[in-house]
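Chemist: the following comprises the amino acid sequence and a computationally predicted model.
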Amino acid sequence: ETGVTQSPTHLIKTRGQQVTLRCSSQSGHNTVSWYQQALGQGPQFIFQYYREEENGRGNFPPRFSGLQFPNYSSELNVNALELDDSALYLCATQRGAEETQYFGPGTRLLVL
Amino acid sequence: DQQVKQNSPSLSVQEGRISILNCDYTNSMFDYFLWYKKYPAEGPTFLISISSIKDKNEDGRFTVFLNKSAKHLSLHIVPSQPGDSAVYFCAVTNTGNQFYFGTGTSLTVIP
């Protein structure tokens, strides 16, 4: 148990819709990163937030956006969903730029 | 452009024997290396890490070796136990704000 929770656990959407995924941070962890893990692949970095500011972004289009709140919880928003967005979405929290991240259980998104 | 590669998608080992999982990376700027373990329906769990100033780090049955000149790291599990059966990911970073993960190796420990 890492203390990082994500909601919902599963979600089904249709192409073109929008989705919001949520992540609560472990106590004392002010940095959160989001990852997309497609079937058979490793987690791919989407972006990172540190103290409510974006602190790095991977190779994902602008329709992937995020927010971090004062309590360090976070949201991942994906607009105009595509079939290829079907994946497990993981959030990971860490203390500052500490090198160890702690993952939540993930949200499995299916886009039909 | 895959920054981190785990060339063995799967590995089977007899209980009690050594499991060796391998990982190669491309960029010599990476200075911190981690191994994560993932069970189905759970997020990855941190297992062990090593910084670039070391070539070995040990924690109980788990040892990570780093060969910087070869840009290679490995995870040794001795002795392997059935509960070690999971998918293992290696990850690398140099700033702590972007991590690159390999594609994972599925380890099966046979009782």
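Modeler: Yep, that arrived.
Chemist: so who does B:Phe46 touch?
Modeler: A:Thr100, A:Gln101, A:Tyr102, B:Leu34, B:Tyr36 (CB atoms under 8 Å, 6 or more residues apart in numbering or on different chains). C-beta: built from backbone N, CA, C; applies to glycine.
Chemist: which helices and strands sit right next to the host helix or strand of the fourth one?
Modeler: B:Leu34 belongs to strand B:32-38 when elements are defined using DSSP states H and E. Packing partners of strand B:32-38 (3 or more CB pairs under 8 Å, 6 or more residues apart in numbering or on different chains; DSSP states H and E): strand B:19-25, strand B:45-51, strand B:62-67, strand B:86-93.
Chemist: what comes up buried for the third one?
Modeler: Burial within strand B:62-67, assessed by neighbour count using 16 or more other CB atoms under 10 Å in any protein chain shown, is assigned to B:Phe62, B:Thr63, B:Val64, B:Phe65, B:Leu66.
Chemist: skipping adjacent residues, who's closest to the fourth one in space?
Modeler: So that's B:Phe65. B:Ser74 (4.9 Å; CB to CB, 6 or more residues apart in numbering or on different chains).
Chemist: so that neighbour is in which element?
Modeler: Using DSSP H and E, B:Ser74 falls within strand B:72-77.
Chemist: could you spell out the sheet neighbours of the strand holding B:Leu34, each with its direction?
Modeler: Sheet pairing of strand B:32-38 (DSSP bridges) gives strand B:45-51 (antiparallel), strand B:86-93 (antiparallel).
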